[in-house]
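S.K.: build me a model:
(one chain, ligands or ions: 1)
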Amino acid sequence: MSYKIAVVVGSIRKESFNRKLAQALQKMAPQGAQFELLRIDDLPLYNQDEDANQAPQVKRLKEQVAGSQGVIFITPEYNRSIPGVLKNAIDHASRPYGQSAWAGKPAGVIGMSVGAIGTALAQKDLRTVLAYLDMPTLGQPEVYLQAKDGFFAADGSIAEGSRDFIQKWLDAYLAFVAEHAGRVETV
Ligand SMILES: Cc1cc2nc3c(=O)[nH]c(=O)nc-3n(C[C@H](O)[C@H](O)[C@H](O)COP(=O)(O)O)c2cc1C
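M.R.: Next up, the predicted model:
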């Protein structure tokens, strides 16, 4: 079976480490796993008044999530939590109430920040949100990455020091997606 995995990056900065990580992961994906990086930088600020009249960018986001078999969130930590742009995207695709695009999608959480705890607190907050959104989320292994010179190789791939560790996370996440898809198919 092949899987489409939606990838949401919690930074819209041009030189984002997390975007680079998303691109590196995309290259590490095995055949049968197709990664799609979702755009969130053109979403309006979430406003509940617009629930019945969602912007085309919001509809696009929801369709991309709905068409995926899983979602990977790759986020930096901002002020010990998740960036507003990521929460904005999550809130958009969770509404109108009862029509969330996220529900039931198996999630993977990974992130890179400059601080020593490597997004641990951002991921903790994100996991709380994903639990509420009814997204089964891979528990182990956890990946907390501190941005350091040499993490990425010159070609944008993950350098040797961390490559195996990240590959193990990716393999575990894709197995989690497959297990979830199997469960859904047998219901
Ligand atoms: C508003 C703001 C708050 C931040 N707060 C944290 C933080 O709580 N922990 C941390 O490790 N880094 C923090 N940083 C630094 C980010 O880790 C750094 O900007 C990182 O490069 C962001 O990820 P990106 O490269 O994908 O954009 C913060 C940066 C900004 C702009």
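S.K.: read off the pLDDT value for the residue most central in space within the chain.
M.R.: Residue closest to the average C-alpha location in the chain (C-alpha atoms, centre = their mean): Phe73, at 1.4 Å. Note for Phe73: predicted pLDDT of 99.
S.K.: quick check on it: phi, psi?
M.R.: Phe73 has phi and psi values of phi -100, psi 130 when expressed as degrees, to the nearest 10.
S.K.: tally of neighbours for Asn47?
M.R.: For Asn47, the count of nearby residues is 10 (other C-beta atoms under 10 Å). Using the backbone N, CA and C atoms, a C-beta is placed for each residue, glycine as well.
S.K.: what sits against whatever residue of the chain ends up closest to the ligand?
M.R.: Closest to the ligand within the chain is Gly115: 2.3 Å, counting by C-beta to the nearest ligand atom. If you count contacts by C-beta atoms under 8 Å, 6 or more residues apart in numbering, Gly115 has them with Glu77, Gln146.
S.K.: that one: what secondary structure?
M.R.: What DSSP: H, G, I helix; E, B strand; the rest coil gives for Gly115 is coil.
S.K.: tell me how far it lies from Ile5.
M.R.: Relative to Ile5, Gly115 is positioned 27 Å away (C-beta to C-beta, to the nearest Å).
S.K.: same question for Met112.
M.R.: Taken as C-beta to C-beta, the span from Met112 to Ile5 is 18 Å.
S.K.: likewise Gln167?
M.R.: Counting by C-beta to C-beta - Gln167 and Ile5 are separated by 15 Å.
S.K.: looking at these two, which is more packed in?
M.R.: Taking neighbours as other C-beta under 10 Å, Gln167 and Ile5 compare with Ile5 leading, 23 against 14.
S.K.: in three-state terms, label that one for me.
M.R.: Ile5 ends up strand, using three-state DSSP.
S.K.: those helices in this protein, which residues are they?
M.R.: Assigned by DSSP state H, the chain shows helices spanning 17-28, 56-66, 84-93, 120-132, 160-186.
S.K.: pipe those into CSV and attach mean pLDDT per row.
M.R.: What follows is those, written out as CSV (pLDDT from 0 to 100):
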stretch, mean pLDDT
helix 17-28, 97
helix 56-66, 98
helix 84-93, 98
helix 120-132, 98
helix 160-186, 90
